[in-house]
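[1] Build me a model from this:
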Amino acid sequence: MTHHLMEAADAQPPRRLKRSATISPNRRMAQAPGARGARAGDSRPVVDRQSSSSQVASYLRASIFAGTLRPGDYVRQNELAKKMGVSRIPVREALVALEREGWISIEPHRGAFVNGFDENSIRDHYALLGELYGLAAERATERGDADGFDALDAAERVLLAADDPDAVRYASATYLHQTLAMARSPRLHSFSRLTIEVVLGNLFAHIPEAVEEHKRGVSAAHRAIRKGDGALAYAEFAALLRGYGDHAVDLLRARGIL
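    Got it, this is the predicted structure:
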């Protein structure tokens, strides 16, 4: 999710939420299959310059997760800027953002260095995401209107029909954004924008069995929402996201990163 899920919640909400608003997922969080991207043999920079700092940050998170960048490694800003096809400004912005998130440390007169992963922090991060989306589901249950529920039903159908990991990720993002819209809470939106997925990239691609697990979890939460049981919907999302924390820890251990 995204989040893997998702960089969940890096969504840009509309200025004013509507009860039945359907929010399109942020394209940095999950792109629809076939969405624009680098084509084979395309020599253009891989970064969309309008959001280059966020994409540089995403690239660095993915590199840390993959083990390409290891704890203690020095982040070479000039090389990174050249590789990503951007100036040093978005690179510096990305490093500042990553330091706030705990991925790196910036030392005066020395530069940026990669921090190690911490198992407790990973589990706690996903637990917090579960609380966020659980609360959104509970509020959506209480505050949604007929149009909002219809849109949520449609989003669930798309998710259940998806089989490609990228399609599942995109459909999941759409469902979660619709849940946030129905919650009608700018405060929840602001919190969602502060959360970044620890395991960047598509967890469904790394762990195929998580696809069906995710569909079952979202469907269980959806049934609770439709029955008007906000507390149960909260609990289902909390349990689902805690499970992602377990998956993330197992994956990092298998890669020798933890």
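[2] Low-confidence ranges, the stretch 151-258 of the chain, go.
    Within the stretch 151-258 of the chain, the segments meeting pLDDT under 70 span 194-201.
[3] The helix or strand where R157 lies: what's the following helix or strand?
    Per DSSP states H and E, R157 falls inside helix 146-161. Next along the chain after helix 146-161, taking DSSP H and E as the criterion, comes helix 165-183.
[4] what packs against that following helix?
    Packed against helix 165-183 by the contact rule (3 or more CB pairs under 8 Å, 6 or more residues apart in numbering; DSSP states H and E) you find helix 119-143, helix 146-161, helix 186-194, helix 203-206, helix 209-227. Every C-beta, even on glycine, is put in place using the N, C-alpha and C of the backbone.
[5] what's the angle between it and helix 186-194?
    Relative orientation of helix 165-183 with respect to helix 186-194: 150 degrees, computed using axes from the mean of the first three to the mean of the last three CA atoms, to 10 degrees.
[6] what's the spacing between helix 165-183 and its chain's center?
    On the basis of CA atoms, centre = their mean, to the nearest Å, helix 165-183 is displaced by 10 Å from the centre of the chain it belongs to.
[7] I figured L135 hits S192, correct?
    No - between L135 and S192 no contact is recorded; they are 10.5 Å apart, counting by CB atoms under 8 Å.
[8] between the two, which one's more packed in?
    Under the neighbour definition other CB atoms under 10 Å, L135 and S192 were set side by side, and S192 has more, 24 against 20.
[9] is it true that that one touches E131?
    No - between S192 and E131 there is no contact under CB under 8 Å: 11.6 Å.
[10] host element of D250?
    In this assignment (DSSP H and E), D250 forms part of helix 230-254.
[11] Could you list the buried residues of that helix?
    230, 232-238, 240-245, 247-249, 251-252 (16 or more other CB atoms under 10 Å).
[12] cool, and stretch 146-154?
    Under the neighbour-count rule (16+ other CB under 10 Å), stretch 146-154 has G148, F149, A151, L152 buried.
[13] Ok, stretch 59-79 next?
    Buried positions in stretch 59-79, judged by neighbour count with 16+ other CB under 10 Å: Y59, L60, R61, S63, I64, F65, L69, V75, Q77.
[14] could those residues be laid out in a markdown table, adding distance to A181, secondary structure and pLDDT?
    Putting these into a markdown table (distance: CB to CB, whole Å; DSSP: H, G, I helix; E, B strand; the rest coil; pLDDT from 0 to 100) gives the following:
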| residue | distance to A181 | secondary structure | pLDDT |
| --- | --- | --- | --- |
| Y59 | 29 | helix | 89 |
| L60 | 30 | helix | 91 |
| R61 | 27 | helix | 85 |
| S63 | 33 | helix | 87 |
| I64 | 32 | helix | 84 |
| F65 | 30 | helix | 78 |
| L69 | 36 | coil | 88 |
| V75 | 37 | strand | 95 |
| Q77 | 38 | helix | 93 |
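[15] of all those residues, which two lie farthest apart?
    With distance counted by CB to CB, no two of the buried residues of stretch 59-79 lie farther apart than F65 and Q77, which are 20.0 Å apart.
[16] List the contacts of Y74.
    Under the criterion of CB atoms under 8 Å, 6 or more residues apart in numbering, the neighbours of Y74 are G111, A112, F113.
[17] at 6 Å instead, please
    Y74 makes contact with G111, F113 under the criterion CB atoms under 6 Å, 6 or more residues apart in numbering.
[18] Next one: it from A183, what distance?
    From Y74 across to A183, the span is 42 Å (CB to CB, to the nearest Å).
[19] A161 now?
    Between A161 and A183 the distance, using CB to CB, works out to 25 Å.
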